[in-house]
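Student: show me the folded form of this:
(4 chains)
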Protein chains: 2
Amino acid sequence: MMTTSHGRRATIRDVALAAGVSISTASNALNGQGRTNAETRDRVKHIAEKIGFRPNALARGLLSRRSHSIGMITNDTYGRLTLPMTAGVSEALVDHGVSVFLCATNNDPRLARLHLEALLDKQVDGIIFTATRLDLAPQVDLSRLPIPVVYAFAEGPDTSVSFVPDDHQGARLAVEHLLSLGHRRILHITGPEDFAAVRRRAAAYRASLGGEGEVMFGPWGEDWGHEAVHRILTRPEPRPDAIFCGSDETARGVIDALRDHGLSVPSDIAVVGFDNWHVVAAQTRPALTTIDMGLKELGRRAGLAMLDLTQGKPVASGINYIACELVVRASCGTDLAGQSLMSS
Amino acid sequence: MMTTSHGRRATIRDVALAAGVSISTASNALNGQGRTNAETRDRVKHIAEKIGFRPNALARGLLSRRSHSIGMITNDTYGRLTLPMTAGVSEALVDHGVSVFLCATNNDPRLARLHLEALLDKQVDGIIFTATRLDLAPQVDLSRLPIPVVYAFAEGPDTSVSFVPDDHQGARLAVEHLLSLGHRRILHITGPEDFAAVRRRAAAYRASLGGEGEVMFGPWGEDWGHEAVHRILTRPEPRPDAIFCGSDETARGVIDALRDHGLSVPSDIAVVGFDNWHVVAAQTRPALTTIDMGLKELGRRAGLAMLDLTQGKPVASGINYIACELVVRASCGTDLAGQSLMSS
DNA sequence: ATGAAATGCTAAAACCTTTTATCACTTGAG
DNA sequence: CTCAAGTGATAAAAGGTTTTAGCATTTCAT
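Tutor: Numbering: from 1, shown residues only, chains lettered A, B, ... in the order given. The predicted model follows:
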């Protein structure tokens, strides 16, 4: 990183001086604007490169009214959801010179307001709001801002642009995978019913089974998996041959409980999870077949939408559902095993 | 958020116009600089508040050469370590109007360079480098930057300022907890020896046992926990009465394996982990007693150091070790149980 | 040879704020 | 009554960039 003799970063003034041209000519040459002699242009560019000139984004932003930075507001201090999404946003934008301010509000309205004010003062080109839960509202009013707002893993008002995982499609993917492996008595053990995502997954599960099926709602966490398994094994009805879980944690609890009861996964009962939370899914024994919500892709999409918005391009408002993916590990048997089971 | 009639954000010009004073007077009044009549000052302030004036940080930064933003560069896409630290940094700085750019490099040198250039262009006041591993070097050269660099959960060159968890003290905490509960044959099952943190924890473990003890190095993950337990249970020597694990994941594997072998935790063997990674530690059965590295506090400290550096205050270079904390859950028995065991 | 058009460059304004130097005016002391 | 000091306000410069309008100069067609 070169600097001029007086220690500061090289400015376009230094370039102009060294090239023996005016500041405007230097600017024109570097940006390909106006009428410039090819020879002059090359000379200026060469000198700029030599002394390591890079335009001051503050000055540029002041003039263009675009700071090339956006704010991301999250209530997540833990990181499981936010960081993959932020990485996706950032990845989509860094090639366009846009950087991302990350603001963790910790669910504190005061902090949220403080962060928002700082972002607006810094003239961010837009704001992406993210939550740990689809149906969680921001702690500050984002509806009357003079800049575009995009919701990622959150649902904004109808007129806004939102990106959320396609829970419906994801749940269908899970159930259809089980069906394709020949399972018919599929149970759904999931989280609390007041979560929007939980209700959607349950609805899709029922739809995939033609309206049949049984859903057990409960708290998040492994304990509920244990508890739910205990309940179904101590009742008379026929046992399920597969369990679709609303989260990887629940699935892990379920699998551990099944083992404790002497049942083997996947040969006695197949299990599929939801989240593809690596630390849980990969470490479960057997490793968990589960649904990946594509958070990084979701972030990337949100970032691209933001880019269009800041460039004045029209973006369709409403909710964009990002497709989930099935990640096959061992807890349902492999696809091959499934095939042979079908053909036998 | 009020705006002027022409739609843009209110500027100090609007304030001056509305108050019937010059721009300089308005600025002086708002900032308490220069000589200003008390009555004028109040009037200007009142009007500024009324029309919702907030100074443009870009213009201000251009003049003061302080952008009131810093960059945070991480190679972590997963978030377990980075987000708590970022939240800590952000929390320490938001009250001073400083915002944080988060840059996930995904371990890609090209991306790292791109991010760094964008940060420098935006005139960030400093950069905090973070890694998922203490002994991981940045993918770009940070040693010749014109702005201060702080290392968080990473060790920079001698002349720089670094913050890392006190692995030594943390490991001692774990071993001493086990000793205080009456355990004497304490085994250490941990990660790969080429990790700096692993070697430190192992050294502290040995030191706490007066140079005795046995360390089993292996890969991270639960599998290694299973494998290690299998080894020690199939050999003739006397069994350990406690196991100190180098990570919560390993600890979970250990506990599960012990249960599989018919041993009970904590009554047969006590187990303590390292990380306090909530999803693992809280869900393990029994819930894991473990060491918390205080990542948020580490981030806060790094943020405060950065604040001092950007204000030209001297900051001692070198490595700052942040104290770990013991989090008691159930896998060693409770402290009370320990007390009664000692007194019996 | 002459007017029009094209070419290459530059001065100046604009973005918004803070600070410095300066001006006009009042007050108080001698 | 005069001079010095103090008071309250302001014009202008500075920070770094881009863009607009304009100025010479050259080229070309007539």
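
Student: quick check, A:Val100 in contact with A:Ile70.
Tutor: Yes: using Cβ atoms under 8 Å, A:Val100 is in contact with A:Ile70, at 5.8 Å. Yep, even glycine has a C-beta here, placed from its N, CA and C like the rest.

Student: got any residues that touch both of the two?
Tutor: Residues touching both A:Val100 and A:Ile70 by Cβ atoms under 8 Å, 6 or more residues apart in numbering or on different chains: A:Val89, A:Leu93.

Student: and the helix ranked longest in chain A, what does it pack onto?
Tutor: Longest helix in chain A, counting residues (DSSP state H): helix A:295-310. Here helix A:295-310 touches helix A:82-94, strand A:127-130, strand A:149-152, strand A:161-165, strand A:318-322, going by 3 or more Cβ pairs under 8 Å, 6 or more residues apart in numbering or on different chains; DSSP states H and E.

Student: contact residues of the stretch 201-344 of chain A facing chain B?
Tutor: Within the stretch 201-344 of chain A, the residues that sit near chain B (Cβ under 8 Å from any Cβ of the partner chain) are A:221-223, A:249, A:252-253, A:256, A:277-280, A:283, A:285, A:296.

Student: got a winner among these for most neighbours?
Tutor: Within those, A:Arg252 tops the neighbour count with 27 neighbours, counted by other Cβ atoms under 10 Å in any protein chain shown.

Student: neighbours around A:Glu176, how many?
Tutor: When neighbours are defined as other Cβ under 10 Å, A:Glu176 has 12 of them.

Student: now do A:Ala18
Tutor: Neighbours of A:Ala18 (other Cβ under 10 Å): 18.

Student: go on, A:Gly312?
Tutor: By other Cβ under 10 Å, 7 other residues sit near A:Gly312.

Student: now do the SS call for it.
Tutor: Here A:Gly312 is recorded as coil under DSSP: H, G, I helix; E, B strand; the rest coil.

Student: you'd agree A:Arg184 is up against A:Arg239?
Tutor: No: applying Cβ under 8 Å, one finds A:Arg184 not in contact with A:Arg239, separated by 11.9 Å.

Student: where do the helices sit along chain A?
Tutor: Secondary structure of chain A (DSSP H): helices located at A:12-19, A:23-31, A:38-50, A:57-64, A:82-94, A:109-121, A:167-180, A:196-208, A:222-233, A:248-260, A:278-281, A:295-310, A:335-343.

Student: any chance of those in TSV, plus mean pLDDT?
Tutor: Shown next, in TSV, are those (pLDDT from 0 to 100):
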stretch	mean pLDDT
helix A:12-19	95
helix A:23-31	96
helix A:38-50	95
helix A:57-64	96
helix A:82-94	94
helix A:109-121	96
helix A:167-180	97
helix A:196-208	97
helix A:222-233	96
helix A:248-260	95
helix A:278-281	92
helix A:295-310	97
helix A:335-343	42
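
Student: out of those, nearest to B:Gly61?
Tutor: helix A:57-64 (5.1 Å; Cβ to Cβ).

Student: what residues of that closest one count as buried?
Tutor: A:Ala57, A:Leu58, A:Ala59, A:Arg60, A:Gly61, A:Leu62 (16 or more other Cβ atoms under 10 Å in any protein chain shown).

Student: keep those residues, but drop any that are not near DNA strand C.
Tutor: Restricting the buried residues of helix A:57-64 to those touching DNA strand C (Cβ under 7 Å from any atom of the strand) yields A:Ala59, A:Leu62.

Student: ok, the residue in the stretch 151-300 of chain A positioned nearest to DNA strand C - contacts?
Tutor: Taking Cβ to the nearest atom of the strand, DNA strand C has its nearest neighbour within the stretch 151-300 of chain A at A:Ser160, 25.8 Å off. Counting by Cβ under 8 Å, 6+ apart, A:Ser160 touches A:Val149, A:Val150, A:Tyr151, A:Ser317.

Student: okay, the last one: pLDDT?
Tutor: If I follow you right, that is A:Ser317. pLDDT, A:Ser317: 96.

Student: ditto for the first one
Tutor: The score at A:Val149 is 97. That number is its pLDDT.

Student: could you give the number of residues near it?
Tutor: Count around A:Val149 with other Cβ under 10 Å applied: 22.

Student: tell me how chain A divides into domains.
Tutor: Split into domains by automatic domain parsing, chain A comes to A:12-55, A:66-157+A:295-322, A:167-289+A:328-343.

Student: mind putting these in a markdown table, distance to B:Ala10 included?
Tutor: Converted to a markdown table, these look like this (distance: least, Cβ to Cβ, whole Å):
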| stretch | distance to B:Ala10 |
| --- | --- |
| domain A:12-55 | 27 |
| domain A:66-157+A:295-322 | 11 |
| domain A:167-289+A:328-343 | 39 |
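
Student: what's the closest of these to B:Thr290?
Tutor: domain A:167-289+A:328-343 (14.7 Å).

Student: chain center to the closest one, what's the gap?
Tutor: Centre-to-centre, domain A:167-289+A:328-343 and its host chain are 24 Å apart (Cα atoms, centre = their mean, to the nearest Å).

Student: just stretch A:129-148 next, same as before
Tutor: The chain centroid and the centroid of stretch A:129-148 are separated by 15 Å, computed with Cα atoms, centre = their mean.

Student: end-to-end on that stretch?
Tutor: In stretch A:129-148, first residue to last residue: 11 Å (Cα to Cα, to the nearest Å).

Student: so which residues on chain A come close to DNA strand C?
Tutor: A:21-25, A:28, A:34-37, A:40, A:59, A:62-63, A:65.

Student: let's see that with 10 Å instead.
Tutor: Contact residues (Cβ under 10 Å from any atom of the strand) of chain A with DNA strand C: A:16, A:19-29, A:33-41, A:43-44, A:58-65, A:121, A:123.
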